[in-house]
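Chemist: Return atomic coordinates for the entry below.
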Amino acid sequence: MLKIRLSRTGRKNAASYRLVVANQRDKRNGESLAILGFYDPKTKPATIVVNKDETKEWLKKGAQPTDTARAILVKQAIMPKLRKLKKYNLKPGKKAQDRAAKKSETASK
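Modeler: Numbers count the residues shown, from 1 in each chain. Modelled structure (predicted):
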């Protein structure tokens with residue numbers, strides 16, 4: 001499986017990253033198929049440069065971004081923002097509704 005992920009560059013305590021396409025099983029700084037851009041978190045504001053056309057092509061080919069890479073692609077308006085899933089339903093389940101009905105019946109007597 002192909003992944004779009006960050007590959008670390010730069011010296012100690014001054015990291016910068018490349019946005020690359022690589023095989024999922026390869027090492028972080030191992031062989032990459034393509035370099036899509038770079039990200040430098042040390043600058044204020046952080047520098048992000050991404051080749052949008054090439055990135056969209058890799059996404060069409062089935063490359064899956066990691067969580068950090070997805071956040072960068074969302075900031076660059078290349079991917080849509082994911083909607084958060086609701087943890088709980090708006091109304092309680094059937095058993096909870098039955099318990100509440102029984103409780104209200106006993107309270108009204």
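
Chemist: how about the helix or strand bottoming out on mean pLDDT in the chain: buried residues?
Modeler: Every helix and strand of the chain was ranked by mean pLDDT, DSSP states H and E. The lowest is helix 94-108, at a mean of 86. Of the residues in helix 94-108, none count as buried by neighbour count, 16 or more other C-beta atoms under 10 Å. C-betas here are computed from N, CA, C, even on glycine.

Chemist: Return the distance of that helix from the chain's centre.
Modeler: Relative to its parent chain, helix 94-108 has a centroid offset of 42 Å by C-alpha atoms, centre = their mean, to the nearest Å.

Chemist: At the geometric centre of this structure, which residue do we find?
Modeler: D67 (2.9 Å; C-alpha atoms, centre = their mean).

Chemist: how about the strands of this protein, start to end?
Modeler: 2-11, 14-23, 34-40, 47-50, 64-65 (DSSP state E).

Chemist: sorry, back to before: what's the least confident helix or strand of the chain packed up against?
Modeler: Here helix 94-108 touches no other helix or strand, going by 3 or more C-beta pairs under 8 Å, 6 or more residues apart in numbering; DSSP states H and E.

Chemist: export that helix as CSV, just CAs?
Modeler: Taking Å, rounded to 0.1, in the frame of the first residue of the first chain, the C-alpha atoms of helix 94-108 are listed here in CSV:
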residue,chain,number,x,y,z
LYS,A,94,-34.3,0.5,23.3
LYS,A,95,-33.4,-1.0,26.7
ALA,A,96,-32.7,2.5,28.2
GLN,A,97,-36.0,3.7,26.8
ASP,A,98,-37.8,0.7,28.4
ARG,A,99,-36.1,1.4,31.8
ALA,A,100,-37.1,5.1,31.6
ALA,A,101,-40.7,4.2,30.8
LYS,A,102,-40.8,1.7,33.8
LYS,A,103,-39.3,4.3,36.1
SER,A,104,-41.8,7.0,35.1
GLU,A,105,-44.7,4.5,35.5
THR,A,106,-43.5,3.7,39.1
ALA,A,107,-43.0,7.3,39.9
SER,A,108,-46.5,8.3,38.8
